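# take this sequence and fold it.
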Amino acid sequence: MIFSYNNASEFSTGRCPESKSLTFNKSISYVTAPCIDINKRKSFTFSIWMYLKFTTKDKFPTFYADIRGSGRRHGFFLSVPEDQAILLTVILGGDSSELLKSSEKIQLNTWTHFAITFNEVTDDLSLYIDGKKQEYASIWQGIDFFKKYGEPICTFGNKPGYRADTKHQLYGSVMDFHLLNSASDDIVDLLRGTFMFRCHGSEIFRL
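Coordinates of the predicted model:
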């Protein structure tokens, strides 16, 4: 998988001595990422390990963003605000609204596993921190709601392009990103416990 970098992102040692992570130490820094295929209304699991150095009042360090549409005024992003909970925010017409927030906080300066799943049968979207299910929401309009806004640009570390700003800059690292076309608690546990996970019919992107 080919990622696009800007000058302020770099590789550093990951959660194991022999591993590597993408690290963001400057503003504005981000890396283009694979996008979740939300156009087909199919189940998926999004899994990533993250390391957050600090949080700041009124800022939303963004470890993943999906921005699309004319003027890039629609989409969603995953961030860790000052209270250290993980927040899923939806953007429509440039206006942001909170959709899901984890019930537990993540620890700073330590590696944390995060996952989000979508179940196509129930239309449920669920958050996980270190394998523990957090919050879920029934997406009444369907996860494919955003498809009418066109192709997305997805990034790690900040919002993409001219939508990037210091308010959404992540200071920390991400690694072991996986995107699979199925969703279950067992898959989340497996992804949390291994670097590589092979599954027929799944897409796997590893940093």
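# ok, which stretches of the protein are strands?
Ranges of strands in the chain, per DSSP state E, are 9-13, 20-24, 31-32, 44-52, 62-68, 74-79, 85-92, 95-105, 111-119, 124-129, 132-138, 153-156, 172-180.
# roughly how far is the first one from the heart of the chain?
Centre-to-centre, strand 9-13 and its host chain are 18 Å apart (Cα atoms, centre = their mean, to the nearest Å).
# give me the number of residues near residue 80?
Number of residues near residue 80 (other Cβ atoms under 10 Å) recorded here: 26. All C-beta spots, glycine's among them, are computed from the backbone N, C-alpha and C.
# list the helices and strands the least confident helix or strand in the chain by mean pLDDT packs on?
Ranking every helix and strand in the chain by mean pLDDT, DSSP states H and E puts strand 9-13 at the bottom, with a mean of 76. When contacts are defined as 3 or more Cβ pairs under 8 Å, 6 or more residues apart in numbering; DSSP states H and E, strand 9-13 packs onto strand 20-24.
# separation between the residue lying closest to residue 166 once chain neighbours are set aside and residue 119?
In space, and not counting its chain neighbours, residue 166 is closest to residue 27: 4.7 Å by Cβ to Cβ, 6 or more residues apart in numbering. Remark: distance between residue 27 and residue 119 (Cβ to Cβ, to the nearest Å) = 36 Å.
# same thing with residue 151?
Distance from residue 151 to residue 119, by Cβ to Cβ: 25 Å.
# the two: who's more crowded?
Using other Cβ under 10 Å as the criterion, residue 151 and residue 119 rank with residue 119 on top: 19 against 9.
# measure the nearest residue to that one once chain neighbours are set aside to residue 115 for me?
The shortest distance from residue 119 to any residue other than its chain neighbours is 5.2 Å, reached at residue 183 (Cβ to Cβ, 6+ apart). Distance from residue 183 to residue 115, counting by Cβ to Cβ: 9 Å.
# shared neighbours, the two?
Listed as contacting both residue 183 and residue 115 by Cβ atoms under 8 Å, 6 or more residues apart in numbering are residue 45.
# and the gap between residue 193 and residue 47?
Where residue 47 is concerned, residue 193 sits at a distance of 11 Å (Cβ to Cβ).
# more crowded one of those two?
A direct count of neighbours by other Cβ under 10 Å for residue 193 and residue 47 places residue 47 higher, at 22 against 10.
# count the neighbours of the residue nearest to residue 166 for me.
For residue 27, the neighbour count with other Cβ under 10 Å is 17.
# correct me, but it touches residue 167?
No - applying Cβ atoms under 8 Å, one finds residue 27 not in contact with residue 167, separated by 9.6 Å.
# residues in contact with the spatially most central residue of the chain?
What sits nearest the mean C-alpha location of the chain, by Cα atoms, centre = their mean, is residue 64, with 3.6 Å. By Cβ under 8 Å, 6+ apart, the contact set of residue 64 is 33, 46, 48, 77-78, 154-156.
# which of these lies closest to residue 11?
Among the contacts of residue 64, residue 156 lies closest to residue 11 (Cβ to Cβ), at 12.5 Å.
# ok now do the closest one, which residues does it touch?
Per Cβ under 8 Å, 6+ apart, neighbours of residue 156: 22, 24, 30-31, 33, 63-64, 170, 174, 177.
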